[in-house]
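prediction below, plus the sequence it came from.
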Amino acid sequence: MDLSTAARDVQIRAYAPYSNFRVGAALRTDKGKVFQGVNVENVAYPEGTCAEAGAIAAMIAGGDTRIVEVYVIADSSTPVPPCGGCRQKLAEFADGDVRVTMASKEGVELVMTVAELLPGAFGTSHLEGC
């Protein structure tokens, strides 16, 4: 399945009644499976969920743990990178060279790696000795 199509198909189901800023995400795992997610807003804004986090949660629920490709589309005229929390989540489940494609509603795309998005990622190696 094409990740661009998967992200666009799910984006229309995002729950964004307050901002009307819909985001769709799709990721491919090392097993070739595709998982999708959307942003889900809550009236208590910090309690919402990002599309990337939703796709990762679906991946974990589906039994996979390694991401090999990511595609995110947002209701914006320019590509929007994942928030800091989602960058950290992506770094937990993807190698640094994994491509993250960010797309605008007009189809403008920006491609970066996980390492470029989060060059100083906190990882499990930092927990040694705890």
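Noted; the coordinates are in hand. Residues are numbered from 1 along each chain as shown.

all helices for the protein, in order.
For the chain, helices defined by DSSP state H occupy the ranges 3-11, 51-61, 84-93, 114-117.

and of those, who's closest to Lys105?
With C-beta to C-beta as the measure, helix 3-11 is the member of the helices of the chain nearest Lys105 (9.0 Å). Where C-beta positions appear, they are placed from N, C-alpha and C, glycine not excepted.

the longest strand seen in the chain: how far from the chain's middle?
Longest strand in the chain by number of residues (criterion: DSSP state E): strand 94-103. Distance of strand 94-103 from its chain centroid, counting by C-alpha atoms, centre = their mean, to the nearest Å, is 9 Å.

so which residue is dead centre in the chain?
Nearest to the mean C-alpha position of the chain, by C-alpha atoms, centre = their mean, lies Glu52 at 2.6 Å.

residue contacts, it?
Applying C-beta atoms under 8 Å, 6 or more residues apart in numbering, we find Glu52 in contact with 25, 27, 37, 70, 72, 82, 86, 89-90.

could you check how far it is from Ile73?
Distance, Glu52 to Ile73, by C-beta to C-beta, to the nearest Å: 11 Å.

common neighbours of those two, please.
Both Glu52 and Ile73 are contacted by Ala25, under the criterion C-beta under 8 Å, 6+ apart.

please state the offset of stretch 100-120 from the chain centre?
10 Å.

who's in contact with that stretch?
For stretch 100-120, using C-beta under 8 Å, 6+ apart, the contacting residues are 3-4, 7, 69-82, 84, 87-88, 90-91, 94-99, 121.

for the record, mean pLDDT for stretch 60-75?
Taken as a whole, stretch 60-75 has a mean pLDDT of 98.

could you export that stretch as CSV, CA atoms only?
Only the C-alpha atoms of stretch 60-75 are listed here, as CSV (Å, rounded to 0.1, in the frame of the first residue of the first chain):
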residue,chain,number,x,y,z
ILE,A,60,2.0,-1.9,18.6
ALA,A,61,-1.6,-3.2,18.9
GLY,A,62,-1.0,-5.0,15.6
GLY,A,63,2.1,-6.8,17.0
ASP,A,64,4.9,-4.9,15.2
THR,A,65,7.6,-2.7,16.7
ARG,A,66,9.9,-1.5,14.0
ILE,A,67,9.1,1.4,11.6
VAL,A,68,10.9,1.6,8.2
GLU,A,69,9.0,4.5,6.6
VAL,A,70,6.6,7.3,7.7
TYR,A,71,4.3,9.7,5.8
VAL,A,72,2.4,12.5,7.4
ILE,A,73,0.0,15.0,5.8
ALA,A,74,-1.5,18.1,7.5
ASP,A,75,-4.0,20.8,6.6
